[in-house]
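Engineer: Fold the following for me, if possible:
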Amino acid sequence: MSQKILLVEDDDATAAYIAKGLAEAGFAVDRAGTGRDGLFLASDGSFDAVILDRMLPGMDGMAVLGALRAGGIDTPVIILSALGTPDDRVAGLTAGSDDYLVKPFAFAELLARLRLLLRRGQAGPPVTTVLRCGDLEMDLLARRVKRGGRTLVLQPREFRLLEYLLRHAEQVVTRTMLLEGVWDYHFDPGTNVIDVHVSRLRKKLDEGEPETLLHTVRGAGYRLGAPN
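Structural biologist: Numbering: from 1, shown residues only. Next up is the predicted model:
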(Lines give C-alpha, C1' and ligand atoms only; values in the text may rest on other atoms or scores of the structure.)
Protein backbone atom coordinates (compact mmCIF):
# COMPACT_ATOMS: atom_id res chain seq x y z
CA MET A 1 0.00 0.00 0.00
CA SER A 2 1.27 3.49 -0.88
CA GLN A 3 2.16 5.76 2.00
CA LYS A 4 -0.21 8.73 2.33
CA ILE A 5 1.19 12.24 2.23
CA LEU A 6 -0.80 15.40 2.91
CA LEU A 7 0.50 18.42 1.01
CA VAL A 8 -0.72 21.77 2.38
CA GLU A 9 0.32 24.40 -0.16
CA ASP A 10 -1.65 27.35 -1.52
CA ASP A 11 0.44 27.96 -4.64
CA ASP A 12 -1.06 25.82 -7.41
CA ALA A 13 2.11 25.54 -9.49
CA THR A 14 4.27 24.55 -6.51
CA ALA A 15 1.67 22.09 -5.27
CA ALA A 16 1.30 20.47 -8.71
CA TYR A 17 5.08 20.12 -9.05
CA ILE A 18 5.51 18.52 -5.62
CA ALA A 19 2.44 16.28 -5.96
CA LYS A 20 3.60 15.02 -9.36
CA GLY A 21 7.06 14.19 -8.02
CA LEU A 22 5.65 12.41 -4.98
CA ALA A 23 3.23 10.39 -7.10
CA GLU A 24 6.09 9.34 -9.38
CA ALA A 25 7.99 8.22 -6.27
CA GLY A 26 5.08 5.95 -5.32
CA PHE A 27 3.25 8.05 -2.72
CA ALA A 28 -0.48 8.71 -2.50
CA VAL A 29 -0.92 12.48 -2.21
CA ASP A 30 -3.83 14.55 -0.91
CA ARG A 31 -3.67 18.31 -1.19
CA ALA A 32 -5.17 21.16 0.81
CA GLY A 33 -4.93 24.76 -0.37
CA THR A 34 -5.62 26.49 2.95
CA GLY A 35 -4.45 26.04 6.50
CA ARG A 36 -7.93 25.28 7.79
CA ASP A 37 -8.50 22.57 5.17
CA GLY A 38 -5.09 21.12 5.96
CA LEU A 39 -5.83 21.03 9.68
CA PHE A 40 -9.18 19.35 9.03
CA LEU A 41 -7.61 16.62 6.89
CA ALA A 42 -4.58 16.04 9.15
CA SER A 43 -6.54 15.92 12.40
CA ASP A 44 -7.58 12.29 12.02
CA GLY A 45 -3.93 11.16 12.08
CA SER A 46 -4.37 8.97 8.99
CA PHE A 47 -1.45 10.40 6.99
CA ASP A 48 2.07 9.06 7.15
CA ALA A 49 3.53 12.58 6.84
CA VAL A 50 2.49 16.18 6.21
CA ILE A 51 4.32 18.67 3.99
CA LEU A 52 3.18 22.05 5.29
CA ASP A 53 3.77 25.47 3.75
CA ARG A 54 4.42 28.06 6.44
CA MET A 55 2.69 31.02 4.75
CA LEU A 56 -0.92 30.07 4.03
CA PRO A 57 -4.08 32.17 3.64
CA GLY A 58 -6.31 32.53 6.69
CA MET A 59 -4.54 30.16 9.04
CA ASP A 60 -0.78 29.98 8.58
CA GLY A 61 1.33 26.84 8.79
CA MET A 62 2.63 27.57 12.29
CA ALA A 63 -0.93 27.82 13.60
CA VAL A 64 -1.85 24.57 11.85
CA LEU A 65 1.18 22.84 13.35
CA GLY A 66 0.43 24.17 16.82
CA ALA A 67 -3.17 22.95 16.63
CA LEU A 68 -2.07 19.48 15.50
CA ARG A 69 0.47 19.09 18.28
CA ALA A 70 -1.94 20.45 20.89
CA GLY A 71 -4.42 17.84 19.73
CA GLY A 72 -1.92 15.02 20.20
CA ILE A 73 -1.36 14.41 16.47
CA ASP A 74 2.31 13.43 16.12
CA THR A 75 2.34 12.80 12.36
CA PRO A 76 5.76 13.84 11.00
CA VAL A 77 5.65 17.35 9.54
CA ILE A 78 8.05 19.03 7.14
CA ILE A 79 7.64 22.80 6.98
CA LEU A 80 8.31 24.56 3.67
CA SER A 81 9.09 28.25 3.93
CA ALA A 82 10.77 31.17 2.20
CA LEU A 83 11.74 32.35 5.69
CA GLY A 84 15.16 30.83 6.24
CA THR A 85 16.99 32.64 9.03
CA PRO A 86 18.24 30.60 12.00
CA ASP A 87 15.50 32.16 14.15
CA ASP A 88 12.86 31.13 11.61
CA ARG A 89 14.12 27.54 11.60
CA VAL A 90 14.26 27.46 15.39
CA ALA A 91 10.68 28.74 15.58
CA GLY A 92 9.47 26.01 13.22
CA LEU A 93 11.32 23.21 14.98
CA THR A 94 10.35 24.45 18.43
CA ALA A 95 6.71 24.55 17.38
CA GLY A 96 6.87 20.80 16.74
CA SER A 97 7.93 20.30 13.14
CA ASP A 98 10.22 17.39 12.34
CA ASP A 99 12.09 19.19 9.58
CA TYR A 100 12.26 22.65 8.02
CA LEU A 101 13.11 23.13 4.35
CA VAL A 102 13.77 26.59 2.93
CA LYS A 103 12.38 27.64 -0.47
CA PRO A 104 13.60 27.41 -3.16
CA PHE A 105 14.64 23.79 -2.71
CA ALA A 106 15.47 20.83 -4.91
CA PHE A 107 12.71 18.23 -5.04
CA ALA A 108 15.34 15.51 -4.56
CA GLU A 109 16.21 17.01 -1.18
CA LEU A 110 12.56 17.16 -0.12
CA LEU A 111 12.10 13.53 -1.16
CA ALA A 112 15.22 12.42 0.73
CA ARG A 113 14.11 14.17 3.91
CA LEU A 114 10.59 12.76 3.61
CA ARG A 115 11.87 9.21 3.20
CA LEU A 116 14.14 9.66 6.20
CA LEU A 117 11.19 10.66 8.39
CA LEU A 118 9.11 7.76 7.13
CA ARG A 119 11.88 5.23 7.77
CA ARG A 120 12.01 6.37 11.35
CA GLY A 121 8.27 5.85 11.65
CA GLN A 122 8.59 2.27 10.40
CA ALA A 123 10.93 1.23 13.21
CA GLY A 124 9.81 -1.84 15.10
CA PRO A 125 8.04 -1.64 18.44
CA PRO A 126 10.15 -0.92 21.51
CA VAL A 127 11.43 -3.88 23.47
CA THR A 128 10.03 -2.41 26.66
CA THR A 129 7.01 -0.19 27.16
CA VAL A 130 8.22 1.50 30.36
CA LEU A 131 11.51 3.38 30.72
CA ARG A 132 12.88 4.43 34.13
CA CYS A 133 15.68 6.46 35.64
CA GLY A 134 15.59 7.02 39.38
CA ASP A 135 12.11 8.25 40.28
CA LEU A 136 11.39 9.18 36.64
CA GLU A 137 9.10 6.84 34.67
CA MET A 138 7.92 6.98 31.06
CA ASP A 139 5.04 4.77 29.88
CA LEU A 140 5.47 4.54 26.10
CA LEU A 141 2.04 3.03 25.45
CA ALA A 142 0.08 5.50 27.56
CA ARG A 143 2.49 8.31 26.57
CA ARG A 144 2.62 9.32 30.21
CA VAL A 145 5.61 10.62 32.17
CA LYS A 146 5.84 10.82 35.94
CA ARG A 147 8.52 11.89 38.36
CA GLY A 148 7.68 10.67 41.81
CA GLY A 149 3.97 11.26 42.11
CA ARG A 150 3.99 14.22 39.71
CA THR A 151 2.71 13.88 36.13
CA LEU A 152 4.72 15.85 33.57
CA VAL A 153 2.98 17.44 30.61
CA LEU A 154 5.35 17.24 27.63
CA GLN A 155 5.08 18.40 24.05
CA PRO A 156 5.63 15.68 21.40
CA ARG A 157 9.21 16.76 20.71
CA GLU A 158 10.00 16.94 24.44
CA PHE A 159 8.59 13.42 24.84
CA ARG A 160 10.85 12.10 22.07
CA LEU A 161 13.86 13.90 23.51
CA LEU A 162 13.24 12.45 26.96
CA GLU A 163 12.67 8.98 25.51
CA TYR A 164 16.05 9.16 23.77
CA LEU A 165 17.75 10.33 26.98
CA LEU A 166 16.07 7.56 28.98
CA ARG A 167 17.26 4.95 26.49
CA HIS A 168 20.77 6.29 27.09
CA ALA A 169 20.42 6.94 30.83
CA GLU A 170 23.68 7.52 32.72
CA GLN A 171 25.48 8.03 29.39
CA VAL A 172 26.78 11.28 27.94
CA VAL A 173 24.67 12.08 24.89
CA THR A 174 26.29 14.44 22.38
CA ARG A 175 24.55 17.10 20.30
CA THR A 176 25.23 15.04 17.18
CA MET A 177 23.54 12.01 18.74
CA LEU A 178 20.48 14.13 19.59
CA LEU A 179 20.34 15.71 16.14
CA GLU A 180 20.38 12.28 14.50
CA GLY A 181 18.31 10.39 17.08
CA VAL A 182 15.58 12.96 17.80
CA TRP A 183 15.58 15.39 14.85
CA ASP A 184 16.86 13.03 12.14
CA TYR A 185 19.47 15.58 11.05
CA HIS A 186 22.76 14.20 9.83
CA PHE A 187 24.30 17.65 9.89
CA ASP A 188 24.22 20.57 12.33
CA PRO A 189 21.65 23.12 11.04
CA GLY A 190 23.43 25.84 13.02
CA THR A 191 20.60 26.62 15.45
CA ASN A 192 20.16 26.39 19.21
CA VAL A 193 17.08 24.17 18.89
CA ILE A 194 18.64 21.47 21.09
CA ASP A 195 19.49 23.95 23.84
CA VAL A 196 15.95 25.36 23.76
CA HIS A 197 14.33 21.94 24.10
CA VAL A 198 16.76 20.68 26.75
CA SER A 199 16.20 23.83 28.81
CA ARG A 200 12.42 23.42 28.68
CA LEU A 201 12.62 19.73 29.46
CA ARG A 202 15.01 20.30 32.38
CA LYS A 203 12.62 22.85 33.89
CA LYS A 204 9.74 20.37 33.74
CA LEU A 205 11.83 17.50 35.10
CA ASP A 206 13.71 19.23 37.90
CA GLU A 207 11.60 22.18 39.05
CA GLY A 208 10.79 21.76 42.74
CA GLU A 209 12.77 18.51 43.00
CA PRO A 210 15.59 18.04 45.54
CA GLU A 211 17.80 16.26 42.98
CA THR A 212 18.61 17.27 39.41
CA LEU A 213 18.29 14.52 36.80
CA LEU A 214 19.22 16.26 33.54
CA HIS A 215 22.80 17.50 33.54
CA THR A 216 24.89 19.48 31.06
CA VAL A 217 28.33 17.96 30.56
CA ARG A 218 30.43 20.94 29.52
CA GLY A 219 32.04 20.50 26.13
CA ALA A 220 30.45 17.06 25.64
CA GLY A 221 26.65 17.09 25.77
CA TYR A 222 24.00 16.00 28.26
CA ARG A 223 23.45 13.18 30.73
CA LEU A 224 20.27 11.91 32.35
CA GLY A 225 20.86 10.33 35.73
CA ALA A 226 21.99 10.85 39.29
CA PRO A 227 24.59 13.57 39.99
CA ASN A 228 28.20 12.45 39.74
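Engineer: From here on, just use CA atoms for contacts and neighbour counts.
Structural biologist: Fine.
Engineer: can I see the domain layout of the protein?
Structural biologist: Each domain of the chain is listed here as a residue range: 4-121, 130-224, per automatic domain parsing.
Engineer: Most tightly packed of these?
Structural biologist: Among the domains of the chain, ranked by average contacts under mean count of other C-alpha atoms under 10 Å, first place goes to domain 4-121 (a mean of 18).
Engineer: one step back: and the domains of the chain, which one is worst for confidence?
Structural biologist: Least confident of the domains of the chain, judged by mean pLDDT, is domain 130-224 with a mean of 88.
Engineer: Which strand residues bridge residue 145?
Structural biologist: residue 138, residue 152 (DSSP bridges).
Engineer: Need the nearest residue in space to residue 181, chain neighbours excluded.
Structural biologist: Spatial nearest neighbour of residue 181, excluding adjacent residues (C-alpha to C-alpha, 6 or more residues apart in numbering): residue 164 at 7.2 Å.
Engineer: outside of the host helix or strand of residue 41, which residues touch it?
Structural biologist: Using DSSP states H and E, residue 41 sits within helix 35-42. For helix 35-42, contacts defined as C-alpha atoms under 8 Å, 6 or more residues apart in numbering pick out 6-8, 31-32, 50, 56-61, 64, 67-68.
Engineer: returning to that earlier point: does the residue nearest to residue 181 touch residue 180 like I think?
Structural biologist: No. In this structure residue 164 lies outside contact range of residue 180 using C-alpha atoms under 8 Å: 10.7 Å.
Engineer: and the angle for the helix or strand harbouring residue 6 with helix 35-42?
Structural biologist: Element membership of residue 6, judged by DSSP H and E, is strand 4-8. Taking axes from the mean of the first three to the mean of the last three C-alpha atoms, to 10 degrees, one finds that strand 4-8 is oriented at 170 degrees with respect to helix 35-42.
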